[in-house]
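S.K.: got a predicted model here, sequence first, then my questions.
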Amino acid sequence: SPQVFDDPFRASHARKGREGECDAGRSSAAPVPPTAALRFVSYNVLAPSLLAQNPQLYAGCEPAALNTCARMRCLVDHITALGADLLGLQEVERAMFDETLVPALARVGLSGKFKKRTGQQSDGVALFYRSRRLLLLHTEEIEYRSLSEGLCE
């Protein structure tokens, strides 16, 4: 029976075959039911810039598991297997969004939006939605810092 991975990055530890392959696409996630229910999936994808700034946090990880390209392939395979209608991703860099995630997820029917984090960091969040089920009517970018203004005075 196939292995179940609740985290696409754990798949890299159990993969078999060529470097960069993962078993995430073989997930035994429940099939998407033919109802009005929506499936929401959320992941922190570990921005390469944050990995570079904090290598001590990942000293115990296999170097292959920290390879951004391999992790993105596993993530896309896993998301595809889950059949997500809404996808929230944290620690996404703009180039990762534009060059990797948008084209790969468009092939499986997901459209997305990106919002850079406040401040000097280069990462942000991405929200993808299944365009055959959901229609984007409006977007509004919110700076969390502005929400707290005046609260702590």
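M.R.: Nice, thanks for sending it over.
S.K.: nearest spatial neighbour of residue 38, chain-adjacent residues omitted?
M.R.: Closest residue to residue 38 apart from its sequence neighbours, by C-beta to C-beta, 6 or more residues apart in numbering: residue 85 at 4.3 Å. (C-beta placed from N, C-alpha, C; glycine too.)
S.K.: quick one: that neighbour and residue 108 touch, right?
M.R.: No - with contact defined as C-beta atoms under 8 Å, residue 85 does not count as touching residue 108 (11.3 Å).
S.K.: so between the two, which is more surrounded?
M.R.: Counted by other C-beta atoms under 10 Å, residue 85 and residue 108 do not tie: residue 85 has more neighbours, with 19 against 13.
S.K.: mind checking pLDDT for the more buried one?
M.R.: Here, the pLDDT recorded for residue 85 equals 93.
S.K.: quick one: average pLDDT of the biggest helix by length in the chain?
M.R.: Secondary structure assigned by DSSP state H gives helix 68-82 as the longest helix of the chain. Across helix 68-82, pLDDT averages out at 90.
S.K.: how about stretch 48-58?
M.R.: Confidence for stretch 48-58, expressed as mean pLDDT, is 92.
S.K.: can you tell me the closest non-neighbouring residue to the most centrally placed residue in the chain?
M.R.: Nearest to the geometric centre of the chain sits residue 89, at 4.1 Å (C-alpha atoms, centre = their mean). Spatial nearest neighbour of residue 89, excluding adjacent residues (C-beta to C-beta, 6+ apart): residue 126 at 4.4 Å.
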